[in-house]
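[1] Next input, structure requested:
(one chain, ligands or ions: 2)
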Amino acid sequence: MVAKYEVMPKVALVSLGGAGTSIMREVVKTNLDVDMYNVNSKRSLKNVKYYGFEEIELLADELKNYDTVVLTAGLGSTGGDAVVKLYHLLNTVRRVCFLISPFYFEVERLMKSRTQLSKIMSDGFEGAVLTLNSLLREMDDTEPSKTKLEKLIRNFDRNVAGLIVEMMEEIE
Ligand SMILES: Nc1nc2c(ncn2[C@@H]2O[C@H](COP(=O)(O)OP(=O)(O)OP(=O)(O)O)[C@@H](O)[C@H]2O)c(=O)[nH]1
Ligand SMILES: [Mg+2]
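    Ligands and ions are numbered 1, 2, ... in the order given. Here you go, the predicted model:
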């Protein structure tokens, strides 16, 4: 007799860098049940497998066992470079990206983010690129405050986390 079992697509979520990590922190608060991996300069998330930026190859080898890998990172710095590298190492896997592009005034990072994005964007691209600029419209106070911006970013990360959870629940 052949054992009957449901074939579930294997999906993993990977966050990279500061922005990716704070988005994943919001995902962890939901009850999404998927394997999670975090790449950063130090470990900061509980119950999530941690890899350093220098361990991307090792992580890629582990991720090759999945059907789909969802990647989230902020572009413009180390996390952006790491997501580009990982994206290309995973060319045998379905990749879905949720990428954050910097504020327009982060000039250096913005330029770097464009280069990084050009290395990921192609006909087969799946996912979304969201810009932090959308938050500036909500900073209409006469006196802009750091706390207000931090709150808006937190809310932004919560919304991105919501998009990721919704998308991943459809795959699972
Ligand atoms: N949504 C969101 N965006 C962030 C956050 N922190 C930084 N960013 C944005 O993402 C871009 C990349 O920043 P990080 O993800 O922090 O970059 P990193 O890879 O950690 O590298 P460094 O911060 O340079 O050490 C920044 O230019 C910001 O525009 C965050 O907590 N949430
Ligand atoms: Mg950072």
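[2] contacting residues around the residue nearest in space to the middle of the chain?
    Residue closest to the mean C-alpha point of the chain, counted by CA atoms, centre = their mean, is residue 72 at 0.8 Å. Going by CB atoms under 8 Å, 6 or more residues apart in numbering, residue 72 touches 13-16, 19-20, 23-24, 97-100, 160, 164. Any C-beta I mention is one placed from the backbone N, CA and C, and that applies to glycine too.
[3] Which secondary structure state does it sit in?
    strand (DSSP: H, G, I helix; E, B strand; the rest coil).
[4] Give me the three-state assignment for the nearest residue to it once chain neighbours are set aside.
    Spatial nearest neighbour of residue 72, excluding adjacent residues (CB to CB, 6 or more residues apart in numbering): residue 98 at 4.4 Å. Put simply, residue 98 is strand when judged by three-state DSSP.
[5] Run a quick neighbour tally on residue 98.
    Neighbour count of residue 98, defined by other CB atoms under 10 Å: 21.
[6] Do I have it right that it meets residue 71?
    Yes. Residue 98 is within contact range of residue 71, at 7.2 Å (criterion: CB atoms under 8 Å).
[7] Residues that sit against both of those two, list them.
    With CB under 8 Å, 6+ apart, residue 98 and residue 71 have common neighbours residue 127.
[8] Tell me the spacing between residue 67 and residue 96.
    Distance of residue 67 to residue 96, computed by CB to CB, to the nearest Å: 11 Å.
[9] Would you mind telling me which of those two has more residues around it?
    Per other CB under 10 Å, whichever of residue 67 and residue 96 has more neighbours is residue 96, with 19 against 12.
[10] which residues does the more buried one contact?
    So residue 96 contacts 68, 69, 70, 71, 126, 127, 167 (CB under 8 Å, 6+ apart).
[11] Which secondary structure state does the second one sit in?
    Spelled out, that is residue 69. strand.
[12] Close to ligand 1: what parts of the chain are there?
    Contacts of the chain with ligand 1, taken as CB under 6 Å from any ligand atom, map to 17-19, 22, 74, 76-79, 100, 102-103, 106, 109, 132, 153, 156-157.
[13] Just the buried subset of these, written out for ChimeraX, thanks.
    This is how ChimeraX selects the buried members of the residues of the chain next to ligand 1, with burial counted by 16 or more other CB atoms under 10 Å:
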select :17,18,19,22,74,76,77,78,79,100,102,109,132,156,157
